[in-house]
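**Q** Need the 3D shape of this:
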Amino acid sequence: MGLSLVTPPALEPLTVPEVKTFLRIDSALEDTILTSLVKAAREEVEHFTRRALITQTWDYTIDAFPAEGYIKLPLPPLQSVTSLKFTDEDGVVSTVSASTYYVDTSGEPGLIALMSGESWPSDTLRATGAVTARFVAGYGAAASDPPEAVRLAMYQLVSHWYENHEAVLVGSIAKEMPLTCEYLLWPLRHLRF
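**A** Okay, the predicted model is just below:
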C-alpha cells in the first residue's frame, strides 16, 4: 500500500495574520518563519490524526483488488473519488468504469464499493502496485472548514515552536500543560485499518 500526494492544499487552516494576532506580533519581520511554522503544524496535525484537513488530492495504491468488494481509503474525511485505475501484467493501465462502483463518503474510512452484481476487473494484474485510486480528501477548501479544536491545536504548536527555537530546553523543568494539543486531537485521530 502506498500514498502519494497529487495536489497539496491550496491554503493553510491558519493565516499568518491570525497567528500574528494570537502571538501578539505587530511587525512583518517574522512572516516567513510563521508561514513555515503554520505549514509544519498542519502537517504534524495531519500525521497525528491521520486526516486531511484542507482539500487535497491523493493517490492510494494497493497490490490487488480486495476480495471483500470494497476499498477503504485513508485520510478522512473523503470528499470524492476521481478515478480507479489498474495495471495489468503487460503494463497496460486501464480505468475501472465508475458505473461498477459507488463512493461512500458518509463513514470513516471512506469507501469505493462495488455495485450489486458487479465485480472487479478479472485481468491478470502486475505483481505489485496494480490498483490506484485517486481521491480528494479534507474538511473543505476554506481555512475555517477544519474543526475548531484542530485550529486551536495548530495555534498551540505554532506558539510552542515560535517560543522554543531550540530542540532542547536547558535549565528548566518542563511540564506538559493540561488540555494540550494532543488532548484536542485524540477524538479526531483516525485509527489505521
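**Q** Give the buried residues for the helix ranked longest in the chain.
**A** The longest helix of the chain (DSSP state H) is helix 31-49. By neighbour count with 16 or more other C-beta atoms under 10 Å, helix 31-49 contains the buried residues Leu34, Leu37, Val38, Ala41, Arg42, Glu44, Val45, Glu46, Phe48, Thr49. Backbone N, C-alpha and C define where each C-beta goes, glycine included.
**Q** And stretch 11-26, by the same measure?
**A** Judged by neighbour count using 16+ other C-beta under 10 Å, the buried positions of stretch 11-26 are Glu12, Pro13, Leu14, Val16, Glu18, Val19, Lys20, Phe22, Ile25.
**Q** now stretch 106-114
**A** Glu108, Pro109, Gly110, Leu111, Ile112, Ala113, Leu114.
**Q** distance of the residue nearest the centre of the chain from Ala142?
**A** In the chain, the residue lying closest to the centroid (C-alpha atoms, centre = their mean) is Ala52, at 2.5 Å. To Ala142, Ala52 is 14 Å away according to C-beta to C-beta, to the nearest Å.
**Q** before we move on, what about Val45?
**A** Separation of Val45 from Ala142 (C-beta to C-beta): 17 Å.
**Q** Inside strands: which ones of the buried residues of stretch 106-114?
**A** Gly110, Leu111, Ile112, Ala113, Leu114 (DSSP state E).
**Q** okay if I get the buried residues of helix 31-49 as JSON lines plus distance to Phe135 and pLDDT?
**A** Formatted as JSON lines, the buried residues of helix 31-49 follow (distance: C-beta to C-beta, whole Å; pLDDT from 0 to 100):
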{"residue": "Leu34", "distance to Phe135": "31", "pLDDT": "95"}
{"residue": "Leu37", "distance to Phe135": "29", "pLDDT": "95"}
{"residue": "Val38", "distance to Phe135": "25", "pLDDT": "96"}
{"residue": "Ala41", "distance to Phe135": "24", "pLDDT": "94"}
{"residue": "Arg42", "distance to Phe135": "19", "pLDDT": "95"}
{"residue": "Glu44", "distance to Phe135": "22", "pLDDT": "92"}
{"residue": "Val45", "distance to Phe135": "20", "pLDDT": "92"}
{"residue": "Glu46", "distance to Phe135": "15", "pLDDT": "94"}
{"residue": "Phe48", "distance to Phe135": "21", "pLDDT": "91"}
{"residue": "Thr49", "distance to Phe135": "17", "pLDDT": "91"}
